[in-house]
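1. The following block contains a protein sequence and its predicted model.
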Amino acid sequence: MCTAPAAVMSTETAPSALLQLIWLASPTLPIGGFSYSEGLEAAIEQGLVHHEASATDWVVDQLHLTQSRGDMAVMAQAIPAWQVMDTHRLQALNDWVMATRETAEMRLQAEQMGRSLLDWLRNLQQASDAQLQCCAQLPPTYPLTMALALSLAQAPLDQALQAGAFGWAENMTQAALKAVPLGQSAGQRMLARLAHEIPQAVQTALHLRDEDRQAFNPMLAILSARHETQYSRIFRS
């Protein structure tokens, strides 16, 4: 285990906290988020999602049922753990993420996006060598690596989680635009609804204890498993 203290980025070269959060929330972040629909494409195939209203309800439900109670809750606990380099806590949180991925696709997404984000941090020298080494040793999943990236912004915890959630919301909205399909105006209405819902989801994540954190969503797991053998698809999950 690594025990070196976290490095603080130089104020002469580091972007402001707000800019750092905007950067991390951007759908152009090269970590592959655009290639996953997280069960949405399978829901469309099964007729559960077929227009703007059903797509919006689907993504909002996923925000509250899986993100706020699962990955966002992990990040809420991992961000302060990264700031003090509590490696035992980070390992336990990462193990929980790995254990709660119910399909091969879900595990693939967590691992691939975690590795890609770690590469991004390494290439831009956004973290100390000790942090990068510890992250690589976990091995990294997306929630733990994103928590590291968000921790470097030194922003208030609720704002960091809002940024991470909005980045997820943009990727899901783009998936809906491509797969339903929907127009750009519909996408903006979806994002407006999600932006309204995100603060509540963040508060849920912030107040969950370990024993209350969960990733129980049977229908999502079933749809993800069906998507693995879906005949025609444009997303990896």
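-> Right, received. Where do you want to start? Note that the structure is predicted; figures quoted are calculated from it, not measured. Numbering: from 1, shown residues only.

2. remind me which residues of this structure are low pLDDT?
-> Of all residues in the chain, those with pLDDT under 70 make up the ranges 1-14, 237.

3. those helices in it, which residues are they?
-> For the chain, the helices defined by DSSP state H cover 17-25, 40-45, 52-62, 72-83, 87-99, 104-123, 129-137, 142-151, 157-179, 184-207, 218-227.

4. And the fifth one, what's buried?
-> Of the residues in helix 87-99, Thr87, Leu90, Gln91, Leu93, Asn94, Trp96, Val97 count as buried by neighbour count, 16 or more other Cβ atoms under 10 Å. C-beta coordinates here come from the backbone N, C-alpha and C atoms, glycine included.

5. Out of the helices of the chain, which one sits most buried?
-> helix 142-151 (a mean of 27; mean count of other Cβ atoms under 10 Å).

6. Give me the helices and strands touching that helix, please.
-> Secondary structure elements in contact with helix 142-151, counted by 3 or more Cβ pairs under 8 Å, 6 or more residues apart in numbering; DSSP states H and E, are helix 17-25, helix 72-83, helix 87-99, helix 104-123, helix 129-137, helix 157-179.

7. got CSV for the ones you listed, with distance to Gln62 too?
-> Shown next, in CSV, are those (distance: least, Cβ to Cβ, whole Å):
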stretch, distance to Gln62
helix 17-25, 17
helix 72-83, 11
helix 87-99, 17
helix 104-123, 12
helix 129-137, 26
helix 157-179, 7
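
8. if we compare these, which one ends up closest to Arg213?
-> Minimum separation from Arg213 across the helices and strands packed on helix 142-151 (Cβ to Cβ) falls at helix 72-83, 4.6 Å.

9. just the angle between that closest one and helix 142-151, please?
-> Following axes from the mean of the first three to the mean of the last three Cα atoms, to 10 degrees, one obtains 50 degrees for the angle between helix 72-83 and helix 142-151.

10. Now tell me what touches helix 72-83 from outside.
-> With contact meaning Cβ atoms under 8 Å, 6 or more residues apart in numbering, helix 72-83 is reached by 6, 89-90, 93, 96-97, 131, 143-144, 146-148, 150-151, 157, 160-161, 164-165, 201-202, 204-206, 208, 210, 213.

11. likewise stretch 156-171?
-> 17, 21-22, 24-27, 29, 33-34, 36, 59, 63, 67, 72, 75-76, 79-80, 146, 150-151, 153, 155, 191, 194-195, 198-199, 201-203, 205-206.
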